[in-house]
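# any chance you can model this:
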Amino acid sequence: MSLLDVPSDLRIKGQYLPFGQARKRPGRANVLLAGDAAWLVDPVTGEGIAYALKSGQLAALAARDALARHEPAAALMLYRHRLRPILNAMRHANLVRYLLYWGPFQRGFVRAARGSGRLRHDYMALLGGNLEYGDLMWRLLRRFPNYIARATGIKTNT
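Numbers count the residues shown, from 1 in each chain. Alright, predicted model coming up:
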């Protein structure tokens, strides 16, 4: 036995974080899944506590409203409807993830971030919760030609 009375031969196993692919059906029958169980994990940062708290709140509200309507089976439909803003944010985050981390784009992002105070500012605003993925995605797409040029090492005049 160890200091905490845990057997020293106990096998410990972790679980992966399901990045960016929220469950199409976040529950079944009378069970609503929230947070990691619904695969609500930010695909860029791996953060999930905010999604866990918000989706838990939305699940509770959906259950409350379904019971108030005397239609408990409607809770999942109401919950899915309320999750739409989170799911849209995750779709945008998945697109941003490819722009930031996929193959040659990753090199371009690093180069662009070194040379652009605006890009660094936007990325930090995203991480701080002051910028949404959809807004960051559009800002990145506006700069996409220059971004691709940096990724490939082509010199530009901008």
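# okay, domains of the protein per the record?
16-90, 102-158 (automatic domain parsing).
# which stretch among those comes nearest residue 9?
domain 16-90 (24.0 Å; Cβ to Cβ). To be clear about C-beta, it is placed using only N, CA and C from the backbone, and glycine gets the same treatment.
# can you give me the end-to-end span of the closest one?
One end of domain 16-90 sits 18 Å from the other (Cα to Cα, to the nearest Å).
# which residues of the protein fall in helices?
Using DSSP state H, the helices of the chain run over residues 49-68, 75-101, 103-115, 117-127, 133-142, 144-152.
# adding mean pLDDT, mean neighbour count and distance to residue 31, write the ones you listed out as CSV.
What follows is the helices of the chain, written out as CSV (pLDDT from 0 to 100; neighbours: other Cβ atoms under 10 Å; distance: least, Cβ to Cβ, whole Å):
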stretch, mean pLDDT, mean neighbour count, distance to residue 31
helix 49-68, 96, 16, 10
helix 75-101, 89, 18, 8
helix 103-115, 73, 15, 39
helix 117-127, 83, 14, 33
helix 133-142, 82, 16, 29
helix 144-152, 66, 17, 42
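# how far away is the one residue sitting closest to the centre of the chain from residue 82?
Among the residues of the chain, the one closest to the centroid is residue 42, at 2.1 Å (Cα atoms, centre = their mean). Residue 42 sits at a distance of 19 Å from residue 82 (criterion: Cβ to Cβ, to the nearest Å).
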